[in-house]
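Enquirer: give me coordinates for this.
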Amino acid sequence: MAGNHLKQLCEDTYLRLKKVSMELERFLNQTTLNGLVQQSGDPEEYEAYYRDYLSDFRHLLVYCENAYEKLGVALRRAKFNEEFAEEVLYQVYHTCINNFYYPRGEVYDEDGRYSYTGQDAIIFRKPVTADLRNLTLSMSKVFEQLRDELQYYETDYITKKRMQKEGAQL
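Expert: A predicted model of the protein is given here:
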């Protein structure tokens, strides 16, 4: 990947992850488990669901903060290190994006068929509060763009690393 394109991709990814992190942190700082359960009615039905949801979001926040901090380091270096930048983008794909689309608590799923129709691709396991729904759908748009842009790092980056390792062993 050309150095200028890679650097621009790092800058764009940095800004998007920072924005997601700020929104997510604001939500987590203002929201309590009890508040969500009270807004949704049946405590027995929703307490475990919202506990899993908030836990997934806390993990996602940590992954996003770590990733944008590493991207910031890559971008601030006097000489842009392409290898380091590619590795960080690979980590973004495999931690941030995958953890958003495949949350541990399985509180929502992605139905890829909807993404082609312009509809929201996130299918919630249970009805959620408006704030939680809006935040999740807002983040899905950001992560969908990132996933499209970083798709390269799903396969080609690993292939490149294997080839380098095999070349070093010869």
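Enquirer: tell me the spacing between residue 121 and residue 48.
Expert: 25 Å (Cβ to Cβ, to the nearest Å). Every residue, glycine included, has its C-beta placed from N, CA and C.
Enquirer: so these two - more neighbours on which side?
Expert: Set residue 121 next to residue 48 and count neighbours by other Cβ atoms under 10 Å: residue 121 wins out with 20 against 12.
Enquirer: that one contacts residue 109, correct?
Expert: No - counting by Cβ atoms under 8 Å, residue 109 is not a contact partner of residue 121; they are 9.0 Å apart.
Enquirer: residue 10 against residue 89, yeah?
Expert: Yes - counting by Cβ under 8 Å, residue 89 is a contact partner of residue 10 at 6.8 Å.
Enquirer: for this protein, name the helix or strand with the lowest mean pLDDT.
Expert: helix 112-115 (a mean of 59; mean pLDDT, DSSP states H and E).
Enquirer: ok, then the element right after that helix?
Expert: strand 122-124 (DSSP states H and E).
Enquirer: against which helices or strands is that next one packed?
Expert: With contacts taken as 3 or more Cβ pairs under 8 Å, 6 or more residues apart in numbering; DSSP states H and E, strand 122-124 sits against strand 108-110, helix 130-150.
Enquirer: ok, 10 Å please
Expert: Contacts defined by 3 or more Cβ pairs under 10 Å, 6 or more residues apart in numbering; DSSP states H and E place strand 122-124 against strand 108-110, helix 112-115, helix 130-150.
Enquirer: next, the buried residues of it.
Expert: 122, 124 (16 or more other Cβ atoms under 10 Å).
Enquirer: just the residues contacting it, thanks.
Expert: Residues outside strand 122-124 that contact it (Cβ atoms under 10 Å, 6 or more residues apart in numbering): 49, 53, 100-101, 107-111, 114-115, 132-133, 136-137, 139-141, 144.
Enquirer: in PyMOL, select just the buried ones from those residues.
Expert: Buried residues among the contacts of strand 122-124 (16+ other Cβ under 10 Å), as a PyMOL selection:
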select buried, resi 49+53+100+101+107+108+110+132+136+139+140+144
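Enquirer: low-confidence stretches in the protein?
Expert: Along the chain, the model assigns pLDDT under 70 to residues 1-3, 112-119, 153-170.
Enquirer: cutoff 50 now
Expert: Along the chain, the parts satisfying pLDDT under 50 run over 1.
Enquirer: any idea which helix or strand comes after the longest helix along the chain?
Expert: Secondary structure of the chain read by DSSP state H shows that its longest helix is helix 43-76. Toward the C-terminal end, the helix or strand that comes next after helix 43-76 (DSSP H and E) is helix 82-91.
Enquirer: from the contact counts, what lies against that next one?
Expert: Using 3+ Cβ pairs under 10 Å, 6+ apart, helix 82-91 sits against helix 3-30, helix 43-76, helix 130-150, helix 152-169.
Enquirer: I am finished for the moment; much appreciated.
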